[in-house]
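[1] Provided below are the primary sequence and the corresponding predicted coordinates.
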Amino acid sequence: MDWKSRRITAVIENALLEDHATRDATSYACIDPSQRASATVLAKQDCILAGIGCISRILDVYAQLDGAVTSHYEVTTHPEIFDGIRLHPGQSVAVIRHNARVILSCERVVLNFMQRLSGIATLTRQFVDAITGTGARILDTRKTAPGLRMLDKYAVRCGGGQNHRLDLSDGVLIKNNHIALAGGVVPALERAHKNRRGEQIIEIEVRSLEELELALMHGGEAILLDNMAVPDVKRAVERCVHEERRIPLEVSGGINLENVRAYAETGVNFISVGALTHSAKAADLSLRVAPM
C-alpha cells in the first residue's frame, strides 16, 4: 500500500478534518503544549493486522494541516510486526513517541483505520482458512465503505483474499439488472461482445442451469453463479468441464463461514463474499498513552 498516494492522503486528511483534530478542545485545555508522551498500540484480541502504515502517515498529514507542529515523532515496531500477521491479546503493535497533544488528537483516527482494516483482514483470513486445500480463492466485492475502497480492498489482501473489480471500469460483469434491461442473457452478451473496450473478459451472472447453458452458447467467458444451491453449483462445474475453452467459475450470494467449504469443494475457481467489507467487525485494538 502506498500510504503517500494522493488518494490515500485525501482519505486521511478528510478523516482528520471530520474529527477537527487540529482543534482538539480537551487536549488544548488539559495538556501542556511541550509535553511529550509515549503511546502503545495494543491488540486486545486474536486478529490479523492491517493498516500499520497509517500511523506515520496520519501524523504527517496532521502536521501539514496544523502548521504549528515542530517536534518530531518516532514510530517503532518489532521486525516481526507487519500487515498480514496474526496478533494475540496483549501484543504490542507499535510505539509512538511524540508531542502528547498530537498523539491524543490523532488517537481516534489512527484506531478507526486500524480497527476497521484489521477487522476486514481477520474475517477474510477466516474464510481463506475455511477453504484451505480446495483450490478455490476468496474474492471481495465492491460492497465497501464509500471513499474507503482502496483501503478495504488492501485489508482483504492482508487477510489472504484476492481483489475482484476495483471499480466499474475494471471489467465487464453482466448482472441481473443488466440482463433485465437488455432483454435477456442472449442480447446482453451480444451487446457486450460488440461494445466492450479492449480485451476485457466478459463475465455474466446466471441464476439457473438453464441460464448457464445460454451463457455458454453465446460467448460468456466467465460465469458468476449467483444464489445457487451447492448441488446446482456442482452440476454447473461438471457442465463447464466439457467446454473446449476454459470457463472460470465464480459463486456468490448467501456465502458464510458455515457453507463456504461446501461451495469450494464443488470445484469452483472463485467465491466472492460481500461480507468481507460490508459486515466485518472492527478488531479490538487500543492505544495506551504515558508521559515521557
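    Received the coordinates, thanks.

[2] can you list the weak-confidence ranges in the stretch 51-200 of the chain?
    By pLDDT under 70, the stretch 51-200 of the chain contains no weakly predicted segment.

[3] quick one, strands of it?
    74-76, 86-87, 92-99, 137-139, 172-174 (DSSP state E, counting those that start in this stretch).

[4] Would you format those as CSV with distance to A10 and mean neighbour count included?
    The way it works is simple: take the backbone N, C-alpha and C, and place the C-beta from them, glycine included. Below are the strands of the stretch 51-200 of the chain laid out as CSV (distance: least, CB to CB, whole Å; neighbours: other CB atoms under 10 Å):
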stretch, distance to A10, mean neighbour count
strand 74-76, 22, 13
strand 86-87, 28, 17
strand 92-99, 23, 20
strand 137-139, 26, 21
strand 172-174, 27, 20
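
[5] Columns distance to R239 on top of the ones you listed, output as CSV?
    Formatted as CSV, the strands of the stretch 51-200 of the chain follow (distance: least, CB to CB, whole Å):
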stretch, distance to R239
strand 74-76, 54
strand 86-87, 39
strand 92-99, 48
strand 137-139, 21
strand 172-174, 19
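
[6] So which of the ones you listed is nearest M292?
    strand 92-99 (6.7 Å; CB to CB).

[7] quick one: that closest one to chain centroid distance?
    25 Å (CA atoms, centre = their mean, to the nearest Å).

[8] Please name the strands paired to it in the sheet, noting orientation.
    For strand 92-99, the paired strands and their directions (DSSP bridges) are strand 36-43 (antiparallel), strand 74-76 (antiparallel).

[9] Out of the ones you listed, which is the most enclosed?
    strand 36-43 (a mean of 19; mean count of other CB atoms under 10 Å).

[10] all helices in the chain, in order from the N-terminus.
    6-18, 25-30, 54-66, 100-130, 149-158, 176-182, 185-195, 209-217, 230-241, 260-264, 275-278 (DSSP state H).

[11] Out of the ones you listed, flag the one nearest L42.
    The nearest among these, by CB to CB, is helix 100-130 at 10.7 Å.

[12] Name the residues of that closest one that come out as buried.
    100-107, 109-128, 130 (16 or more other CB atoms under 10 Å).

[13] ok, now stretch 186-200?
    Within stretch 186-200, the residues that count as buried by 16+ other CB under 10 Å are 188-189, 192.

[14] Stretch 240-249 too?
    240, 247, 249.

[15] same deal with stretch 18-29?
    So, applying 16+ other CB under 10 Å, buried residues of stretch 18-29: 19, 21-22, 24, 27.

[16] Repeat that for stretch 73-82.
    Neighbour-count burial for stretch 73-82 [16+ other CB under 10 Å]: 73, 75, 81.

[17] Which of the helices of the chain sits closest to A39?
    helix 100-130 (4.9 Å).

[18] show me the contacts for the closest residue in space to R235 that isn't next to it in sequence.
    Using CB to CB, 6 or more residues apart in numbering and skipping residues adjacent in sequence, the residue nearest R235 is L209, 6.2 Å away. L209 is in contact with 232, 235-236, 239, counting by CB atoms under 8 Å, 6 or more residues apart in numbering.

[19] same thing but at 10 Å, please
    225, 228, 232-233, 235-236, 239 (CB atoms under 10 Å, 6 or more residues apart in numbering).

[20] Turn these into TSV, including pLDDT and distance to S5.
    Listed next are these as TSV, based on pLDDT from 0 to 100; distance: CB to CB, whole Å:
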residue	pLDDT	distance to S5
L225	98	35
M228	97	39
D232	98	43
V233	98	38
R235	97	45
A236	97	40
R239	95	43
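
[21] Check those residues and tell me the two furthest apart.
    So, the contacts of L209 by CB to CB: farthest apart are M228 and R239, at 12.3 Å.
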